[in-house]
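Colleague: no FASTA, just this:
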């Protein structure tokens, strides 16, 4: 499998995992907060795997020009996600809280910024 194919696979896994997170956030299961804790762990691992796959690509001479933008975008996504998770532990999630909703919107924007850029610019 090429490095580009590995990255695209990791991106797709990240997209799928984020869809799971969104489904849990929008659900009303009594155990959803525990589900969210588990999904947050998986998400952290997947972001790391996606980052590593991208780093393998931008090390290559023909893709070094993408390194700065790749690192900036995935770094912003990581930072926004970390801030959100630090401010909103699973037990403190309140879908009716406007500050929580704004934080969640910021996470989604950072995620989409990275994913859209990576899909458009990184090799597949």
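Modeller: Received, thanks. The structure displayed is predicted, hence computed values, not measured ones.

Colleague: wait, what's in contact with residue 77?
Modeller: Neighbouring residues of residue 77 by Cβ atoms under 8 Å, 6 or more residues apart in numbering: 47, 110, 111, 113, 114. Placement of C-beta: from N, CA and C, glycine included.

Colleague: of those residues, closest to residue 84?
Modeller: residue 110 (9.2 Å; Cβ to Cβ).

Colleague: which residues touch stretch 89-108?
Modeller: The contact list for stretch 89-108, computed with Cβ under 8 Å, 6+ apart, reads 25, 33, 34, 36, 37, 40, 80, 81, 83, 84, 87, 88.

Colleague: pLDDT (mean, whole number) over that stretch?
Modeller: Throughout stretch 89-108, pLDDT has a mean value of 89.

Colleague: end to end, how far does that stretch reach?
Modeller: Terminal residues of stretch 89-108 lie 17 Å apart, using Cα to Cα, to the nearest Å.

Colleague: tell me the buried residues in it?
Modeller: 90, 100, 103, 104, 107 (16 or more other Cβ atoms under 10 Å).

Colleague: distance of the second one relative to residue 7?
Modeller: Noted for residue 100: a distance of 32 Å to residue 7, by Cβ to Cβ, to the nearest Å.

Colleague: list the contacts of the closest residue to residue 7 other than its chain neighbours.
Modeller: In this structure, residue 7 finds its nearest non-sequential neighbour in residue 53, 4.2 Å apart by Cβ to Cβ, 6 or more residues apart in numbering. Contacts for residue 53 were tallied using Cβ under 8 Å, 6+ apart; they are 3, 6, 7, 9, 10.

Colleague: how about 6 Å then?
Modeller: Taking Cβ atoms under 6 Å, 6 or more residues apart in numbering, we find residue 53 in contact with 6, 7, 10.

Colleague: who wins on neighbours among those residues?
Modeller: residue 7 (26 neighbours; other Cβ atoms under 10 Å).

Colleague: low-scoring stretches of the protein, by residue?
Modeller: Residue ranges of the chain with pLDDT under 70: 29.

Colleague: 90 instead, please
Modeller: Within the chain, the stretches with pLDDT under 90 are 1, 22, 24-34, 36-37, 89-97, 124.

Colleague: that'll do, ta.
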